[in-house]
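J.: Whatever this is, show me its structure:
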Amino acid sequence: MTPDAPSSSTSATLLEQLASIAPETAAAQVLRQRQKVVSGVQNCFELFFPASTSTSASPGADADLTPAERLFAATLVARQADSPALAAHYSQGLQALATAGAADARQVLQALDAPRAASARLQAIARFTQSVAADPAAAAQQAPEQLAALRQAGLDAPAIVLLAQLIGFVSFQLRLLAGWQAWRQLAEHASAATQALPETDAGFVHPARLPPPGSVLRIHGFTNETLDWHAWLPVLDVAQASAEQNAILDASHPKARSSDFYLLLALQPAILGERSSVFNTIMYAPGGLPRAERELATAVVSRINRCVYCLSVHAQRFEQLAKRNDVVAQLFADPHSTGTNARERAVAQLAAALTEAPAKVRAETLAPLQAAGATPLEVLDAINASALFAWANRLMLNLGEAVQPAS
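T.: Now for the predicted structure:
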């Protein structure tokens, strides 16, 4: 038995339940305007923790992560960030597996409270999980050694990608939960009126196809120059890609077939497909928070997490959309004083709070953005974009490194 998943699209998702967003409330009405995000997050959850998983170890080679190991890692991430509701949810799922007699669940459950007595495999999983969850940039300094330890403990590249994706997802999920709980309180006191949103943005151009930014900035080791990224694990050989992998690469990004990042994540194609869908919906859905402000939120998160690659990309995106780089220069210098006006500062402060201390986020954290004129939907979009990069940064920092493009 694993954490319950709703049996139909009309059921409340896990995050809606934990955030106490009841149907027919003002918050629920606004949240329905981002139903693709809500459904996508739930789909990701069900991929990592499928309700139909048997009590035996996962099918396939021993290198795969068992259901108990997945719940073990998820519990560690939630505990590290002081997210008691999620930690309880995942630890209860692990307890249920142990009660049902899953092959390794009792041993894994004991490792939660006595990690030093755990097997070498569980210790390697725990070290990687806890370090990446706590401080992804600091973890990156030891990531090659930690990845080697995981491989020595029996995890192959697809299993390591699965573990890294799971750590990133739960880091994202717990920040969504913290943000949605605070946002629900804020939304209940705001107008319940919702705005009809277009299905598509007729003028949408994918950021990868926008013109390059203008002047180059280099401040405190950060830059808006275009960088490459090199994986520390073997990536998918495109010539050997399955039909599923090819389809997901094509749907994920215009340049996925030449990107180490996407070729590495394609070792777990179903998860990459759902993650890409969530990413694209949060960042590019029409209406709500202007795209430049979504890019600003993600750039602030990347600056705080010290993800040079992600920051270079999203600093460029902000500059391309806003047609200026003054905020980018501010951000490189100090993320906590970023913004040329009250609204930009409120977006930056919200993103910083969700990144640094999600357990302390309250309605008061979000109030400055509302006071600066943001609608409930725009505040929700800012939360979603900020939380998303807890996931993205952890992957970029701990599965590879930013490099200068080959000349």
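
J.: Would you map out the domains in this protein?
T.: Domain assignment for the chain by automatic domain parsing gives 14-176, 203-403.

J.: can you tell which of those is closest to Ala182?
T.: Nearest to Ala182 among these is domain 203-403; the distance by C-beta to C-beta comes to 5.0 Å. C-beta: built from backbone N, CA, C; applies to glycine.

J.: Using CSV, lay out the domains of the chain together with distance to Leu186.
T.: Output for those, formatted as CSV (distance: least, C-beta to C-beta, whole Å):
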stretch, distance to Leu186
domain 14-176, 9
domain 203-403, 5
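
J.: Can you say which of those is nearest to Gln185?
T.: Of those, nearest to Gln185 by C-beta to C-beta is domain 203-403, at 4.1 Å.

J.: mind listing what the residue nearest to Ala22 when sequence neighbours are not counted touches?
T.: Closest residue to Ala22 apart from its sequence neighbours, by C-beta to C-beta, 6 or more residues apart in numbering: Ala28 at 6.4 Å. Shown in contact with Ala28 (C-beta atoms under 8 Å, 6 or more residues apart in numbering): 16, 21-22.

J.: before we move on, what about Leu176?
T.: Contacts of Leu176 by C-beta under 8 Å, 6+ apart are 15, 41, 383-384, 387.

J.: all strands for this structure, in order.
T.: Taking DSSP state E as the test, the strands found in the chain are 218-219, 222-223, 228-231, 400-403.

J.: Comparing the ones you listed, which comes out most buried?
T.: strand 222-223 (a mean of 20; mean count of other C-beta atoms under 10 Å).

J.: And that one, what does it pack against?
T.: helix 308-322 (3 or more C-beta pairs under 8 Å, 6 or more residues apart in numbering; DSSP states H and E).

J.: Thought Gly288 was touching Ala382, still the case?
T.: No - counting by C-beta atoms under 8 Å, Ala382 sits too far from Gly288 to count as a contact (9.1 Å).

J.: What separation is there between the residue nearest to Ala22 and Arg303?
T.: Taking C-beta to C-beta, to the nearest Å as the criterion, Ala28 is separated from Arg303 by 33 Å.

J.: buried residues in the helix of greatest length in the chain?
T.: Longest helix of the chain, by residue count under DSSP state H: helix 157-187. By 16 or more other C-beta atoms under 10 Å, the buried positions in helix 157-187 come out as 157-184, 186-187.
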